[in-house]
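**Student:** Prediction below, plus the sequence it came from.
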Amino acid sequence: MPFENKIAIVIKDDLQHWQKLNVASFLASSVAVRFPETHGQPFVNASNSEFLPFIKQPMLIYKADDPSQLDRAFRRAKERDLHIGVFTSPLFLTKNEVENHLEIGKTTDESQDLAGIVIYGENKKVNKALNGLKFHD
């Protein structure tokens, strides 16, 4: 089943593995929280145990070889009015949501130190925003 919209995550390639997983998890959750229509139904197994649903469409994970690629994707997504989630490097040092808001609130679009972004929106617009990036390996 084709989807009209795309979810794409871009992560700096020079992060440690645990940081990449952390960034991907938080950014994926931002789409799920903001767009309930992306949720699937809970899973039920043969024991009748119910499990949390997934987002019902694929998410594509891209890598940014350097900060300029991440900044470019962010800027191009913003120019196309796509929905953007950000994870900045200082968030690796925070302990709670209040600290996260304080850290993100300190910076502008131009000064933020992005570790990763998630972009959600029309397929063609997302593709244009990410033009030139490669899938994460």
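**Tutor:** Yep, that arrived.

**Student:** Can you classify residue 100 by secondary structure?
**Tutor:** Under DSSP: H, G, I helix; E, B strand; the rest coil, the three-state class of residue 100 is helix.

**Student:** count of neighbours near it?
**Tutor:** Other residues within reach of residue 100, judged by other CB atoms under 10 Å, total 16. Yep, even glycine has a C-beta here, placed from its N, CA and C like the rest.

**Student:** which one is it nearest to, not counting chain neighbours?
**Tutor:** With sequence-adjacent residues excluded and distances taken as CB to CB, 6 or more residues apart in numbering, residue 100 is closest to residue 94, at 5.2 Å.

**Student:** cool, and residue 40?
**Tutor:** Closest residue in space to residue 40, ignoring its immediate chain neighbours: residue 56 at 3.7 Å, by CB to CB, 6+ apart.

**Student:** Identify the residues contacting the one you found.
**Tutor:** Taking CB atoms under 8 Å, 6 or more residues apart in numbering as the contact definition, residue 56 lies against 38, 39, 40.
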